[in-house]
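In: from the sequence below, what's the structure:
(one chain, ligands or ions: 3)
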Amino acid sequence: MAGCAHLDQVLVTELPESVPGCEDCLAEGTEWLHLRICLRCGHVGCCDNSPARHATRHFESTGHPLIRSLERGEEWSWCFVDELGMMLPEGTGSTRIPPSPLMP
Ligand SMILES: [Zn+2]
Ligand SMILES: [Zn+2]
Ligand SMILES: [Zn+2]
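Out: Ligands and ions are numbered 1, 2, ... in the order given. The predicted model follows:
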């Protein structure tokens, strides 16, 4: 299996204590389902099951390749370039997140 060659782009090594939600959804008034954080710049976006798919759009506009899930109990990361899921030692800790506006 080919590895991810973008690990040197991981600059966020500690997850924030809490986030208010998807920052682009909060700015645009859209709703998110699951939250992902960019491991390069700390941008918080929403998953591909969210209507606005801000995590993917952040990758498309910035080229930042790696995200990590902020969902409780989810520790995986994802490289958009390699389309590869992995567990990284970086991004430790857990983040308090608000409930999704799309969840009942
Ligand atoms: Zn990669
Ligand atoms: Zn969003
Ligand atoms: Zn980023």
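In: contact partners for the residue nearest the centre of the chain?
Out: Centre of the chain computed as the mean C-alpha position; nearest residue by C-alpha atoms, centre = their mean is residue 36, 2.0 Å away. Taking C-beta atoms under 8 Å, 6 or more residues apart in numbering, we find residue 36 in contact with 44, 45, 46, 47, 55, 67, 68, 69, 70, 78. The C-beta positions use only the backbone N, C-alpha and C, and glycine is treated the same way.
In: that one - that's part of a strand, no?
Out: Yes. Assessed with DSSP: H, G, I helix; E, B strand; the rest coil, residue 36 lies in a strand.
In: that one and ligand 2, how far apart?
Out: 9 Å (C-beta to the ion, to the nearest Å).
In: count of neighbours near residue 32?
Out: Residue neighbour count, defined by other C-beta atoms under 10 Å, stands at 29 for residue 32.
In: now residue 40, nearest residue through space, not along the chain?
Out: residue 64 (4.0 Å; C-beta to C-beta, 6 or more residues apart in numbering).
In: all the strands of the chain, in order from the start?
Out: Remark: strands assigned in the chain by DSSP state E are 35-38, 44-46, 66-69, 76-79, 84-87.
In: the last one packs against which elements?
Out: Contact analysis of strand 84-87 by 3 or more C-beta pairs under 8 Å, 6 or more residues apart in numbering; DSSP states H and E lists strand 76-79 as its packing neighbours.
In: please consider this matter closed, and thank you.
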